[in-house]
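*Asks:* One predicted model, sequence on top.
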Number of protein chains: 2
Amino acid sequence: MSALQGTSILGSHRSAVGSEHFFAVDPASGDKLDPAFYAATVGDVEKAAQLAAAAFSTYGRSTGRERGNFLRKIAANLEAMSEELIERAHRETALPKPRLQGETARTCGQLRLFAQVAEEGSWVNARIDRAEPERKPAPKPDIRSMLRPLGPVAVFGASNFPLAFSVAGGDTAAAFAAGNPVIVKAHPAHPGTSELAGGAIATSVRECGLPEGLFSLLFDGGTKVGVALVTHPLVKAVGFTGSRAAGRALMDLTSSRPEPIPFFAEMSSTNPVFILPGALRERSDAIASGLHSSFTLGAGQFCTKPGMVFVERGDTSKGFQQKLRELVNGQAGYHLLTAGIRSSYRSGITTRKNNADIKSVTLAPEPTAESTQSVGAALFEIEADAFLKNHGFEAEIFGPTTLIVETSHPEQMLRIAHRLEGHLTATVHGTEKDLRQFADLIAVLETKVGRLIFNGFPTGVEVTHAMVHGGPYPATSDGRSTSVGSQAIFRFCRPVCYQGFPNDALPEELKDQNPLGIWRMIDGRMTREANVAELATRAS
Amino acid sequence: MSALQGTSILGSHRSAVGSEHFFAVDPASGDKLDPAFYAATVGDVEKAAQLAAAAFSTYGRSTGRERGNFLRKIAANLEAMSEELIERAHRETALPKPRLQGETARTCGQLRLFAQVAEEGSWVNARIDRAEPERKPAPKPDIRSMLRPLGPVAVFGASNFPLAFSVAGGDTAAAFAAGNPVIVKAHPAHPGTSELAGGAIATSVRECGLPEGLFSLLFDGGTKVGVALVTHPLVKAVGFTGSRAAGRALMDLTSSRPEPIPFFAEMSSTNPVFILPGALRERSDAIASGLHSSFTLGAGQFCTKPGMVFVERGDTSKGFQQKLRELVNGQAGYHLLTAGIRSSYRSGITTRKNNADIKSVTLAPEPTAESTQSVGAALFEIEADAFLKNHGFEAEIFGPTTLIVETSHPEQMLRIAHRLEGHLTATVHGTEKDLRQFADLIAVLETKVGRLIFNGFPTGVEVTHAMVHGGPYPATSDGRSTSVGSQAIFRFCRPVCYQGFPNDALPEELKDQNPLGIWRMIDGRMTREANVAELATRAS
């Protein structure tokens, strides 16, 4: 059992115990949890950045095999402490243990997925255009390119996934896989979980004989450390998951740096659901149950929570809405992660409840005072005309609530889709006939989100090669990227091109003989086997 | 022979003749050239944006074959008017006709390269993760992703490549290939060339039966149109080539929009050249000649002009420097593209000439007054210690000048490399032994640039699959991108993921049968042949 120290991890050392400190809180009891966590200083940020830059000069040139070993070691070390990790995470978040077990498995699976990608090696997008010494009027030089890491990456842990989107989460794994050092700013809602996971990474760095600066973990209950981190000249990219206000503030800081850097924030999404007429007729009850599970999963604190549901008004929709009301009323309270989230939730609910355009409000009773962070679920219903009048209904309310929007004709769904801002996901329930009839709707939704779901629910994000967990602003700061799945590796690298280099001086990925056996594009043609010098055919 | 109208192209129409106007100027004579070009209005920007958004709803879903036809048609239409195009470009830029012939060929070649990429189709990075209905605890859904276009793209023509980086240049070709409409802001230094090329694109839109809003061309001698364009809510990405001041101003505008958008600026680069001892001993004269040609090519107005040259002081370097001085003195004057560029060049030269740290100045005589835009070449020499004292020596001076920096020991080159900001290229002249000895130098340079050149010169950017014409800030606004070569297509798209969709409702690229025969990643494995439904093997 590791004893928590409450101090930041700076490479192989710990920061000093300062004066500013904060505590984790048990959302189920409202109790403060020991120990105190001491805020890092701006000097600690400087130290972490210097260490990371030093580590980058070697780790940036490490092999895929070395990176794979390191990522697998982190996963093994996390698994070795999983009981302690889950126990602490459960106390800090009140998330059920089975969910945290699943999240631990997902976190380790994600580390191993990135290990596999780094080891396999083709992710670097190696391209070779062979020389043509006889070309007129001038010879064509040999040109080869591949992706290279950016440098120290800052990662902000998210409140709602204390493991999978936190210290050892997707951004950290992707940044390591691409060859970058990582400095994590721990989320103050689960500092103990963060220290445990951070300890597992620091141990892995040591066990793999890698430079200590490859990983640091900084605590802060306020914003000072985050600001110092994203504005530090040695930090070359940032990954963030959190609120729209905080995300935009950090985004503006990174873009106004003397040297602006890539900034990836996942910020807010209401994940529209469109229930088309055929599906509603065929499976009204099943959709209502699935939807209820989805918007209350994790107490409605998922970035993919369906927060707006569009359904055509009619006899079937009445039954659907009635069923949802019953489900909301029949459910006990939910523990929210922090007092701040609870306060935002309650104020969002109150505003919506008092809005004259809302035609129906279903509020499950608030649990009695055994906890300071519990709330009841809430269902709101509104007509499409009223929804369209007021942009405020598209805003995310973090917590177990959703909004049913009744449309009166098919064109209204299309009009709503056109007006949507960027979201992570859009879901369509329909029959195959519905899909054909609403093809225009799908086409519009495709321009608004990163993931389209058919006859499913948006919560539950698979960690795979094809996953896109991203979407146009304000869902994220950069819709050309995903924070989940193996494509997240592309956040933290950039292409570098070598012209006229002798074979020996090239990176392994670009050498004639293809010693790593990776997929490469040679003269425009994908191939894995070829020795460049021996290639006889050319791309058409 | 087309008669130039001097008005903006708004889809299939022309803007009105307004009051604000400007003229092109012949840099060789200083004469104004007819006709007057009328500035577009903010209303014209609105019109172009609306038309582009309307065109996107169909063109965004066009096939690779349709995009390829369109791009090939543009190339053919440009070639059909090449005589007139080159004549006008020659008058507006004073660039030699053979260079403009070459640039026309390059522009058409680049359009056809993107046609080929669009037609082949694998660029969309199609990925399929197959369902596992039996997976526990929950079934795994079918997930497929591919790149989709962003929407209307604004492109700013560059002054120094009136064809290849202008109206029908690389950004325009890449944006079209990816499925986006384009609105070009013409560079005011070559409006007639812009109108001709824009006419060829508009004609191609019509001849291919594509929506008129796919292309618009806006004139403005000032900044009003550019600002309106990059801040327009319907514009979803921007490509820009120009000065650091203008690039950063537009970058700040796009990042402070309510909805920030991807912004790709190529801004400034001094393209350091390191001449290592072995190479200097072996080929001092050849390097001096090649370097002189490179920094005076296009009157030194190339973004890849070598503007800093590092060489170890010694007997051989003396001969090298003497040779360069002779080459500079032996050359007649150069026509710069605009009066503004000439004025910046002369002020840069004067500042440098008067700098006490400069130990040698070689100024070719200024040509006599036959032109308002002619200048002489300039060579400056300085010691490394003085160079390291003052960051100002790293700034780009657009025009035929370079700076020789004499180092006194090998570590100084490394120290200089560490201190460099981002550049488009770095060049190393060396023997294979030099390369081994200076491996650290190469490793540092790799983190500073987009392209490393060995025993060559940075000017002359091949348009190929592996080319990277980009680099860390301030060389560009986003070092994860290239503006030249087929990878430029990745600027103007983002991944979209489809979960649980029936085969018929999927885009062709993601259908089971792979009807387009493209390369796809299925369960982590690259394949082109497979029918997803029949695939028996799984990724390891």
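*Replies:* Structure received.

*Asks:* quick one, what contacts A:Val273?
*Replies:* A:291, A:306, A:308-310, A:426-429, A:458 (Cβ atoms under 8 Å, 6 or more residues apart in numbering or on different chains). In this view, the C-beta of every residue, glycine as well, is placed from N, C-alpha and C.

*Asks:* and of those residues, the nearest to A:Leu78?
*Replies:* The nearest member of the contacts of A:Val273 to A:Leu78, counting by Cβ to Cβ, is A:Pro458 at 27.0 Å.

*Asks:* Where does the residue most central in space within chain A sit: helix, strand or coil?
*Replies:* With distances taken as Cα atoms, centre = their mean, A:Ser483 lies nearest the centre of chain A, 4.0 Å away. Assigned with DSSP: H, G, I helix; E, B strand; the rest coil, A:Ser483 falls in the coil class.

*Asks:* Once you drop chain neighbours, what's closest to whichever residue of the stretch 301-450 of chain A sits closest to chain B?
*Replies:* Closest residue of the stretch 301-450 of chain A to chain B, Cβ to the nearest Cβ: A:Leu435 (4.9 Å). Leaving aside its chain neighbours, A:Leu435 sits nearest to B:Ala505 (4.9 Å; criterion: Cβ to Cβ, 6 or more residues apart in numbering or on different chains).

*Asks:* Next: A:Gly278.
*Replies:* Nearest residue to A:Gly278, sequence neighbours excluded (Cβ to Cβ, 6+ apart): A:Thr431, at 3.5 Å.

*Asks:* so how many other residues sit close to that neighbour?
*Replies:* Residues near A:Thr431, counting by other Cβ atoms under 10 Å in any protein chain shown, number 18.

*Asks:* Now do it, the pLDDT please.
*Replies:* Looking at A:Thr431, its pLDDT stands at 96.

*Asks:* can you pull the contacts of it?
*Replies:* By Cβ under 8 Å, 6+ apart, the residues touching A:Thr431 are A:276, A:278-279, A:282.

*Asks:* Equivalent analysis for A:Gly102, please.
*Replies:* A:Gly102 makes contact with B:Pro137 under the criterion Cβ under 8 Å, 6+ apart.

*Asks:* check which helix or strand covers it.
*Replies:* Taking DSSP states H and E as the criterion, A:Gly102 maps to helix A:97-120.

*Asks:* which SSE is A:Ala200 in?
*Replies:* Taking DSSP H and E as the definition, A:Ala200 sits inside helix A:191-207.

*Asks:* Quick one: mean pLDDT over that helix.
*Replies:* 98.

*Asks:* Quick check: which ranges of chain A have low pLDDT?
*Replies:* Within chain A, the stretches with pLDDT under 70 are A:1-2, A:368-371, A:535-540.

*Asks:* Would you mind splitting it into its domains for me?
*Replies:* For chain A, automatic domain parsing gives the domain ranges A:9-267+A:483-490, A:272-454.

*Asks:* just those domains: most buried one?
*Replies:* domain A:9-267+A:483-490 (a mean of 22; mean count of other Cβ atoms under 10 Å in any protein chain shown).

*Asks:* Figure out the length between the terminal residues of that one.
*Replies:* End-to-end span of domain A:9-267+A:483-490 (Cα to Cα, to the nearest Å): 27 Å.

*Asks:* Leaving out the residues flanking it, which one is nearest to A:Asn531?
*Replies:* Spatial nearest neighbour of A:Asn531, chain neighbours left out: A:Gln513 (5.4 Å); criterion: Cβ to Cβ, 6+ apart.

*Asks:* near chain B, which residues of the stretch 251-400 of chain A show up?
*Replies:* A:251-252, A:255-256, A:259-262 (Cβ under 8 Å from any Cβ of the partner chain).

*Asks:* Among these, which one sits closest to chain B?
*Replies:* A:Ser255 (3.8 Å).

*Asks:* which phi and psi does that closest one have?
*Replies:* Dihedral pair for A:Ser255: phi -80, psi -20, per degrees, to the nearest 10.

*Asks:* same for the helix or strand where A:Gln321 lies, what does it pack against?
*Replies:* Per DSSP H and E: A:Gln321 is located in helix A:315-329. Helices and strands touching helix A:315-329, by 3 or more Cβ pairs under 8 Å, 6 or more residues apart in numbering or on different chains; DSSP states H and E, are helix A:277-296, strand A:308-312, strand A:358-363, strand A:378-383, strand A:401-407.

*Asks:* what about 10 Å?
*Replies:* strand A:272-275, helix A:277-296, strand A:308-312, strand A:358-363, strand A:378-383, strand A:401-407 (3 or more Cβ pairs under 10 Å, 6 or more residues apart in numbering or on different chains; DSSP states H and E).

*Asks:* Out of these, the one nearest A:Arg520 is which?
*Replies:* Nearest of the helices and strands packed on helix A:315-329 to A:Arg520, taken as Cβ to Cβ: strand A:272-275 at 40.7 Å.

*Asks:* Can you tell me the strand partners of that closest one and which way each runs?
*Replies:* Strand A:272-275 has the following strand partners under DSSP bridges: strand A:308-312 (parallel), strand A:425-429 (parallel).

*Asks:* how far off helix A:277-296 does the first one point, in degrees?
*Replies:* Using axes from the mean of the first three to the mean of the last three Cα atoms, to 10 degrees, the direction of strand A:308-312 lies 160 degrees away from that of helix A:277-296.

*Asks:* ok and strand A:308-312 relative to strand A:378-383, angle-wise?
*Replies:* Strand A:308-312 and strand A:378-383 are oriented at 40 degrees to each other (the same axes, to 10 degrees).

*Asks:* Equivalent analysis for the last one, please.
*Replies:* Taking the same axes, to 10 degrees, strand A:425-429 and strand A:378-383 form an angle of 70 degrees between their directions.

*Asks:* Check which element follows strand A:425-429 along the chain.
*Replies:* Next along from strand A:425-429, by DSSP H and E: helix A:432-437.

*Asks:* Show residues contacting that following helix.
*Replies:* With Cβ atoms under 10 Å, 6 or more residues apart in numbering or on different chains as the test, helix A:432-437 has contacts from A:274-282, A:410, A:428, A:430-431, A:441-442, A:454-455, B:501-502, B:504-505.

*Asks:* hmm, try it at 8 Å
*Replies:* With Cβ under 8 Å, 6+ apart, helix A:432-437 has contacts from A:276-279, A:410, A:428, A:442, A:454, B:502, B:504-505.
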